[in-house]
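K.L.:
Provided below are the primary sequence and the corresponding predicted coordinates.
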Amino acid sequence: MTDELNGKDKTEKEYKLTLEILKELWSKTYNTEGKPDWSHILPYYDDEIYFRDSIQEIRGIEEFKAMTERLAKRSKSLNMKIVRALHRGRDFFIEWEMTIAFKKYKSSVLYGVSRLTINEKGKIIEQRDYYDLWGDIFDNIPGFGKAYRKFMKRKFG
């Protein structure tokens, strides 16, 4: 397997994640001409990856790869800005701002955090993404965003 970052062949053992590698891979994943591309980061995921976000729960590398391919196919434009990244024990935390372009509406920014946990081999065994999908998208729909935020504040604030 070839490491795209260094242009060298890597063995399975060499795909151990560090904070610097993660930041570089993460930035590259979402900033490739507007279309996300996970091909260079997938070798850092364990075959038993567990992924969960506001929309879905996925188990196993094949389902995870299928999810990344669906997202790449649907995205017109998607860019990611890393705000902060921390590493503690087996956990990595990335605070991010993701800009998505839609057909009818202006670009929307989603604010979120991803927690990635590595196993004893140094591979990502769990990824949990936290974000307010509806609130961040609704904020960019004229008239609707304000009503949504007012409703949320009244019911849950």
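P.N.:
Here it is on my side, so go on.
K.L.:
burial of the closest residue to E57 other than its chain neighbours, as a residue count?
P.N.:
Spatial nearest neighbour of E57, excluding adjacent residues (C-beta to C-beta, 6 or more residues apart in numbering): F51 at 7.2 Å. For the C-beta atoms, the positions are set from N, CA and C on the backbone; glycine is no exception. Applying other C-beta atoms under 10 Å, we find 22 residues neighbouring F51.
K.L.:
Looks to me like F51 is in a helix.
P.N.:
No. Residue state for F51 (DSSP: H, G, I helix; E, B strand; the rest coil) corresponds to strand; a helix is not indicated.
K.L.:
show me the contacts for the nearest residue to Y50 once chain neighbours are set aside.
P.N.:
Leaving aside its sequence neighbours, Y50 sits nearest to E126 (C-beta to C-beta, 6+ apart; 4.8 Å). Going by C-beta atoms under 8 Å, 6 or more residues apart in numbering, E126 touches 49-51, 115-117.
K.L.:
Same question for N119.
P.N.:
For N119, the contact set (C-beta under 8 Å, 6+ apart) comprises 46, 90, 125.
K.L.:
can you list the residues you listed in TSV and add distance to W26, secondary structure and pLDDT?
P.N.:
TSV is the format used below for these (distance: C-beta to C-beta, whole Å; DSSP: H, G, I helix; E, B strand; the rest coil; pLDDT from 0 to 100):
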residue	distance to W26	secondary structure	pLDDT
D46	17	strand	96
R90	17	coil	96
I125	17	strand	97
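K.L.:
Distance to L78 and neighbour count for these - can I get that in a markdown table?
P.N.:
Shown next, in a markdown table, are the contacts of N119 (distance: C-beta to C-beta, whole Å; neighbours: other C-beta atoms under 10 Å):
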| residue | distance to L78 | neighbour count |
| --- | --- | --- |
| D46 | 25 | 19 |
| R90 | 28 | 14 |
| I125 | 25 | 18 |
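K.L.:
can you list those in CSV and add distance to K81?
P.N.:
Shown next, in CSV, are these (distance: C-beta to C-beta, whole Å):
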residue, distance to K81
D46, 27
R90, 25
I125, 26
